[in-house]
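Enquirer: A predicted structure for the sequence below; I have some questions about it.
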Amino acid sequence: MAARDALAHSEPILTQILTSVLAQSPSLQQALLTECGRSFHNATANVLFKTFILPDDDQALNPVVQNPARYAPRIRTLVVVDPPRRHEESTLFELEGTEEEQEQGARPLSGRRVTNILERCENLQELVWASSIPPPDGICEIFTTHTPHLKRFSFAPTSIPPDTIPALKWDALSLAVLPPLAYLHLARLSQAGASALASHPPDVQHLELDFVWLDDWVCERLARIPRVKRITLGTGGTKLTDRGVGALVEGCEALEVLELVEVQGRLSKSLWSNVELSPTLHTLKIALSESGPHHSWTADHLLSLPLLVGLDQLTRISITRTYNGQGGQIDDVAIAKLVPKDMVDALRECNKVQHLECDWWAWGVDDLKDLVEGCVNLQTLRITLNAPFARLLSLTSLFAHLAHLTHLYVSIPLAHAPSTPPSPLLQTPGMSPLGLVNGYGIGVGVGGIMIGSPTSSPLSLTRSLKSPAKLVISVPLPESESLAASPVVGAGNTNEVLDSTVLDTVIPPLRDVRKFMRRCPKLVLLEWFGRTGRGSWVAHREDAKSVAGIKVEYQPSCVDECSTWPVSSFLGVVPREDAEWSGPEADAAAEAVREYEAERDGEIEREKEAKRKVTAAGRKRGATVSSGVVVPDACGVTSNGKPKRRQSSASEGLGKPKVPASPGSRRNVARRSP
């Protein structure tokens with residue numbers, strides 16, 4: 001008995017040991033499971049099933065589906081994905097029959113099986129639903145009753161549907177009974193799903209949303225969440241306006257981070273001039289993909305950022321573009337224009353900012369000088385420099401006074417680097433193992449799995465308006481193929497390049513880079529990223545006894561060190577059996593959705609009626625004036641009978657903050673007026 005108790009208590013220790021052993025020697029899995037006794041079997045199973053990838057295939061044979069009682073309790077992170085596509089040879093005469101056979105053969109897990117598995121995942125902490133078919137309608141009720149340790153839930157399908165087949169969207173009715181979470185990510189919600197979300201705002205700390213039906217009414221309801229500290233929004237629809245963004249910014253009292261990633265919406269040029277940041281907010285991120293597609297107005301709201309009340313309180317500001325490859329068309333909206341002068345002046349006053357990413361615009365050398373002289377506490381800087389890369393290295397004295405700068409990312413327009421890079425591009429800063437991922441640290445971890453990456457964005461910035469994120473699984477390089485051992489790396493105090501494939505007339509001599517990096521007190525990474533990217537330079541300061549002893553190593557551009565999950569079948573046309581949700585909780589949730597929609601529709605109708613009255617008053621005034629009687633303008637009505645609108649043109653001052661400026665707490669609007 002004592003020996004058995006000792007073995008039981010030793011299982012956690014054995015699990016820790018085997019975690020390291022299996023990471024180094026995966027080939028031992030079979031032996032440890034079958035030949036070393038029950039204790040080793042249980043400890044090995046704990047390691048192997050801690051993060052489990054579950055194919056959404058009703059015919060798949062795996063231990064969790066076949067024996068959930070034994071293996072499901074070991075799962076901490078569960079990732080549900082579309083099953084790998086079965087590659088079968090076909091001929092011109094067999095294509096139609098093969099497609100029908102695949103459609104009939106590929107069936108998602110039934111709702112009963114999903115429920116059976118989740119009810120036994122008593123230690124589940126994170127669920128990532130990446131399958132193209134939504135989960136059972138009542139999945140959130142299972143969270144409440146059977147997964148008390150759940151902290152993170154993500155519904156973000158990764159498969160891209162064919163153009164002829166619309167992706168299935170989730171009605172998400174059971175969100176009404178969702179337990180409190182640390183993180184919630186919802187994509188591809190239907191209009192009913194958006195109503196379900198708004199009718200019962202979830203109790204979460206980090207909320208990430210990316211669906212077409214994101215509108216002002218949903219945002220106004222979400223602004224009631226008391227604990228939310230981070231909000232990440234993305235939408236390809238045009239329902240979101242200034243009103244919704246303003247409701248979130250000013251209504252969420254605990255908000256610390258606001259991210260607008262691939263937001264199309266209907267945001268006006270005066271958006272930020274009518275918003276005041278809460279004192280708790282320290283991070284503002286706006287990101288758009290370079291390739292689009294974008295609506296013509298998508299980036300207009302950036303023009304009013306200089307008038308944002310509270311901009312100078314931020315410690316992290318990010319106005320970035322994401323890159324989809326060396327080739328491909330750049331969307332008209334995303335063509336880099338010179339940074340506006342009032343934007344330079346506004347950022348120069350942000351002396352609290354530590355991480356500044358502003359490569360949406362092209363920075364001239366003089367503008368960069370103004371910025372660096374004001375932002376003296378910078379630790380990370382990411383810009384597009386409207387000059388050759390060598391010009392950056394001539395600004396040694398300018399960067400030398402940045403005592404805290406550790407990471408510098410620079411993109412160069414094609415006009416200043418016309419030759420083609422000799423190696424695969426490092427598209428977005430921080431993708432190398434030596435870089436800081438986009439200034440935000442590494443991606444959201446799903447065990448050993450990455451769903452997208454903050455390098456691309458929390459909502460996969462590289463997607464088109466309809467494309468979801470990409471599921472990638474980290475695969476470490478073999479030791480013999482690591483970057484440190486790569487034959488194309490030149491290092492140390494030499495200017496030698498060890499392989500002719502990296503010779504490039506645009507790349508500056510190593511001695512010039514070394515001189516620049518040695519003069520910057522804490523700079524450890526200088527990276528040239530983007531379409532013309534050439535790689536990065538790393539300064540090894542840890543062992544240097546003097547400035548002259550700092551070694552600088554060049555890393556050529558490289559592709560991502562990861563392999564993708566096998567190409568999946570798109571199963572969005574195959575219904576999930578037993579997916580319906582019923583019972584008292586379901587009835588109550590449906591009633592709450594109906595009440596919310598009735599309230600929303602009533603408000604919409606009242607707004608329309610108010611506009612009709614204003615229009616009618618304008619017409620009446622016009623008729624009176626034509627008869628010779630002069631009538632004063634109605635309040636809020638222009639001479640053409642239409643309601644007055646906020647100023648939206650950059651040449652008209654972009655509006656004014658709602659609260660007059662005061663010393664120390666308000667921005668000097670007059671100073672930055674165009």
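Expert: Now that the structure is in, tell me what you want to look at.
Enquirer: all contacts plus neighbour counts: C-alpha atoms, from now on.
Expert: Will do.
Enquirer: residues touching the lengthiest strand in the chain, excluding its own?
Expert: Secondary structure of the chain per DSSP state E: the longest strand is strand 355-363. Here strand 355-363 makes contact (C-alpha atoms under 8 Å, 6 or more residues apart in numbering) with 315-321, 334, 336-339, 378-386, 411, 439.
Enquirer: repeat the analysis, applying 7 Å as the threshold.
Expert: Residues from elsewhere that reach strand 355-363 (C-alpha atoms under 7 Å, 6 or more residues apart in numbering): 315-321, 336-339, 378-386, 439.
Enquirer: quick one: stretch 266-273 to chain centroid distance?
Expert: Taking the mean of its C-alpha atoms, stretch 266-273 sits 22 Å from the chain's own mean (C-alpha atoms, centre = their mean, to the nearest Å).
Enquirer: state the mean pLDDT of that stretch.
Expert: For stretch 266-273, the mean pLDDT works out to 95.
Enquirer: got the end-to-end distance for it?
Expert: One end of stretch 266-273 sits 16 Å from the other (C-alpha to C-alpha, to the nearest Å).
Enquirer: residue contacts, Leu414?
Expert: Listed by C-alpha under 7 Å, 6+ apart, the contact set of Leu414 reads Thr532.
Enquirer: if we go to 8 Å?
Expert: Taking C-alpha under 8 Å, 6+ apart as the criterion, Leu414 is in contact with 531-532.
Enquirer: thinking again about what came up before, okay, and which of the contacts of strand 355-363 map to helices?
Expert: Per DSSP state H, helices hold no members of the contacts of strand 355-363.
Enquirer: can you flag which of these belong to strands?
Expert: Per DSSP E, these map to strands at 316-321, 380-385.
Enquirer: so among these, where is pLDDT lowest?
Expert: Of all of the ones in strands among the contacts of strand 355-363, Arg321 carries the lowest confidence score, 93.
Enquirer: that one - how many residues pack around it?
Expert: 27 (other C-alpha atoms under 10 Å).
Enquirer: hmm, Leu288 and it touching each other?
Expert: Yes - using C-alpha atoms under 8 Å, Arg321 is in contact with Leu288, at 5.0 Å.
Enquirer: intersection of neighbour lists for these two?
Expert: What both Arg321 and Leu288 touch, as defined by C-alpha under 8 Å, 6+ apart, is the set Ala334.
Enquirer: show me which pair in the ones in strands among the contacts of strand 355-363 is furthest apart.
Expert: Comparing every pair within these by C-alpha to C-alpha identifies Arg316 and Leu385 as the most remote, at 19.9 Å.
Enquirer: which residues sit against stretch 334-352?
Expert: By C-alpha under 8 Å, 6+ apart, stretch 334-352 touches 288-292, 305-306, 311-315, 321, 360-364, 367, 370-377, 672-674.
Enquirer: which ones among the residues you listed are found in strands?
Expert: Judged by DSSP E, those include 288-289, 321, 360-363 as members of strands.
Enquirer: could you dump the residues you listed into a markdown table with distance to Leu281 added?
Expert: Below are those laid out as a markdown table (distance: C-alpha to C-alpha, whole Å):
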| residue | distance to Leu281 |
| --- | --- |
| Leu288 | 21 |
| Ser289 | 25 |
| Arg321 | 22 |
| Trp360 | 22 |
| Trp361 | 24 |
| Ala362 | 27 |
| Trp363 | 27 |
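Enquirer: among these, which ones are buried?
Expert: For the ones in strands among the contacts of stretch 334-352, a burial check counting by 16 or more other C-alpha atoms under 10 Å picks out 288-289, 321, 360-363.
Enquirer: and of those, the nearest to Thr44?
Expert: Nearest to Thr44 among these: Ser289, at 42.8 Å, using C-alpha to C-alpha.
Enquirer: give me the number of residues near the residue lying closest to that closest one once chain neighbours are set aside?
Expert: In this structure, Ser289 finds its nearest non-sequential neighbour in Thr322, 4.6 Å apart by C-alpha to C-alpha, 6 or more residues apart in numbering. The number of residues packed near Thr322 is 26, by other C-alpha under 10 Å.
Enquirer: same check, this time on Ser190
Expert: For Ser190, the count of nearby residues is 18 (other C-alpha under 10 Å).
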